[in-house]
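**Student:** quick one: sequence and predicted model below, then my questions.
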Amino acid sequence: MTFWIAIIGASIIAFGLKFAGYTVPPAVLEKPRVSRVTTLLPAAVALLLRAPFLVVVIAAAATAAGLRMLGLP
């Protein structure tokens, strides 16, 4: 039972974060500081999860490539 509560809770949190991302005004996302933080966030998460250094570097490179592919700075 606890396992399913954790899955449902994680799903609700994931949905909430995704929804919050869609409701943020574009003017906020265009600020240089916000752009810098969102670019570095996946690498920071990988570090917090104690991923190996190579995984952190690959995550950062993949994030940068994905953002550039989408036309973001």
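**Tutor:** Cool, the structure landed. The structure presented is a predicted model; accordingly, all values stated were derived computationally and were not measured. Numbering: from 1, shown residues only.

**Student:** helices and strands of the protein: which one has the lowest mean pLDDT?
**Tutor:** In the chain, the helix or strand scored least confidently by mean pLDDT, DSSP states H and E is helix 32-48, which has a mean of 78.

**Student:** buried ones in it?
**Tutor:** By neighbour count on 16 or more other Cβ atoms under 10 Å, the buried set for helix 32-48 is 42-43, 46. C-beta here means a position set from N, CA and C on the backbone, and glycine is covered the same way.

**Student:** quick one: contacts of stretch 44-59?
**Tutor:** For stretch 44-59, the external contacting residues (Cβ atoms under 8 Å, 6 or more residues apart in numbering) are 42-43, 60.

**Student:** so what's the gap between it and the chain middle?
**Tutor:** In terms of Cα atoms, centre = their mean, to the nearest Å, the centre of stretch 44-59 is set 13 Å apart from its chain centre.

**Student:** for it, C-alpha coordinates in CSV please.
**Tutor:** The C-alpha atoms that make up stretch 44-59 are tabulated as CSV, following Å, rounded to 0.1, in the frame of the first residue of the first chain:
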residue,chain,number,x,y,z
ALA,A,44,22.7,20.1,-10.2
VAL,A,45,20.0,17.4,-9.8
ALA,A,46,22.5,14.8,-11.0
LEU,A,47,25.0,15.9,-8.5
LEU,A,48,22.5,15.8,-5.7
LEU,A,49,21.6,12.3,-6.7
ARG,A,50,25.3,11.4,-6.3
ALA,A,51,25.6,10.4,-10.0
PRO,A,52,29.1,9.7,-11.3
PHE,A,53,30.9,12.7,-12.7
LEU,A,54,30.7,11.4,-16.3
VAL,A,55,26.9,11.1,-15.9
VAL,A,56,26.7,14.8,-14.7
VAL,A,57,28.8,16.0,-17.6
ILE,A,58,26.6,14.1,-20.1
ALA,A,59,23.4,15.3,-18.5
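
**Student:** shaky segments in the protein?
**Tutor:** Along the chain, the parts satisfying pLDDT under 70 run over 1, 72-73.
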